[in-house]
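Trainee: model the following, please.
(chains A and B)
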Amino acid sequence: GAGVSQTPSNKVTEKGKYVELRCDPISGHTALYWYRQSLGQGPEFLIYFQGTGAADDSGLPNDRFFAVRPEGSVSTLKIQRTERGDSAVYLCASSSREGEADTQYFGPGTRLTVL
Amino acid sequence: AQSVTQLGSHVSVSEGALVLLRCNYSSSVPPYLFWYVQYPNQGLQLLLKYTSAATLVKGINGFEAEFKKSETSFHLTKPSAHMSDAAEYFCAVRGPYGGSQGNLIFGKGTKLSVKP
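Mentor: Numbering: from 1, shown residues only, chains lettered A, B, ... in the order given. Sure thing, here's the model as predicted:
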């Protein structure tokens, strides 16, 4: 079946601009996660949705970052007033139910470059 | 809080040689542990996971890992490296108690090179 998809695959923007990154999880997966991977680092957690609600947004670095999942499927990560330090690969993952051992399936990521 | 340390940011082996990638975790409770592989320009793919059942876990592509509580380790091994194993490998922990139950905490990764 179809895996997690993310669009766009690459996004180049200028400092100060607003960007939206989209994630389509595996159909039926109720949990959705956003991570950020900087060069040479492992992925770092940003936010976790269970259904439509954000169950944990403790990883969002500041109030310029916001994410929504209005219908419990597709999610959008929104970044306002982008800064050069926001440049990274943004990864989305989904899993079939909330549970400690459930496998998270990752998308290919969106590479964001802020000039 | 849970954390993961991967020793060695870069490991190089010859084709056919043993692969050993090290991972140590920190947790006050029995953790759930994962190894993911990332090929260039691709997403993360699960290799294997430890979920408090058998301590020796077998995964895809001939990889396995052993959970050792006394050493707080979860090292990844493969008896014979193949050229196609060249990739970056990430160890991750997901703790069952305290803080977020949802997210994974990743190590910094180990890039594996395989020489012909």
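Trainee: distance check, residue A:72 against chain B.
Mentor: Computed as CB to the nearest CB, to the nearest Å, the residue A:72 to chain B distance reads 15 Å. Where C-beta positions appear, they are placed from N, C-alpha and C, glycine not excepted.
Trainee: who's in contact with that residue?
Mentor: Neighbouring residues of residue A:72 by CB atoms under 8 Å, 6 or more residues apart in numbering or on different chains: A:30, A:51-52.
Trainee: ok, now with 6 Å
Mentor: The contact partners of residue A:72, by CB atoms under 6 Å, 6 or more residues apart in numbering or on different chains, come to A:51-52.
Trainee: same question for residue A:115.
Mentor: residue A:14.
Trainee: buried set for whichever helix or strand residue A:66 is part of?
Mentor: For residue A:66, the element it lies in under DSSP states H and E is strand A:65-68. Applying a neighbour-count criterion of 16 or more other CB atoms under 10 Å in any protein chain shown, one finds A:65, A:67 buried in strand A:65-68.
Trainee: now it: average pLDDT?
Mentor: Taken as a whole, strand A:65-68 has an average pLDDT of 96.
Trainee: that strand pairs with which strands, and in what direction?
Mentor: Applying DSSP bridges to the sheet, strand A:65-68 is found paired with strand A:75-79 (antiparallel).
Trainee: return the distance of the partner strand from the chain's centre.
Mentor: 7 Å (CA atoms, centre = their mean, to the nearest Å).
Trainee: ditto for stretch B:4-12
Mentor: Its chain's C-alpha centre and that of stretch B:4-12 lie 10 Å apart, by CA atoms, centre = their mean.
Trainee: now do the same end-to-end measure for it.
Mentor: One end of stretch B:4-12 sits 21 Å from the other (CA to CA, to the nearest Å).
Trainee: contact partners for whichever residue of chain B sits closest to chain A?
Mentor: Checking chain B residue by residue against chain A with CB to the nearest CB singles out residue B:106 as nearest, at 3.3 Å. Residue B:106 makes contact with A:42-43, B:90, B:92, according to CB under 6 Å, 6+ apart.
Trainee: where do the strands sit along chain B?
Mentor: B:3-7, B:10-14, B:19-26, B:32-38, B:44-50, B:56-58, B:64-68, B:73-78, B:87-94, B:105-106, B:110-115 (DSSP state E).
Trainee: wait, what's in contact with residue B:56?
Mentor: Neighbouring residues of residue B:56 by CB under 6 Å, 6+ apart: residue B:66.
Trainee: interface residues of chain B facing chain A?
Mentor: Residues of chain B found near chain A (CB under 6 Å from any CB of the partner chain) are B:32, B:42-44, B:46, B:51, B:90, B:96, B:100, B:102-103, B:106-109.
Trainee: what would the strands of chain B look like in JSON lines with mean pLDDT?
Mentor: Formatted as JSON lines, those follow (pLDDT from 0 to 100):
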{"stretch": "strand B:3-7", "mean pLDDT": "93"}
{"stretch": "strand B:10-14", "mean pLDDT": "97"}
{"stretch": "strand B:19-26", "mean pLDDT": "96"}
{"stretch": "strand B:32-38", "mean pLDDT": "93"}
{"stretch": "strand B:44-50", "mean pLDDT": "93"}
{"stretch": "strand B:56-58", "mean pLDDT": "95"}
{"stretch": "strand B:64-68", "mean pLDDT": "95"}
{"stretch": "strand B:73-78", "mean pLDDT": "97"}
{"stretch": "strand B:87-94", "mean pLDDT": "94"}
{"stretch": "strand B:105-106", "mean pLDDT": "92"}
{"stretch": "strand B:110-115", "mean pLDDT": "97"}
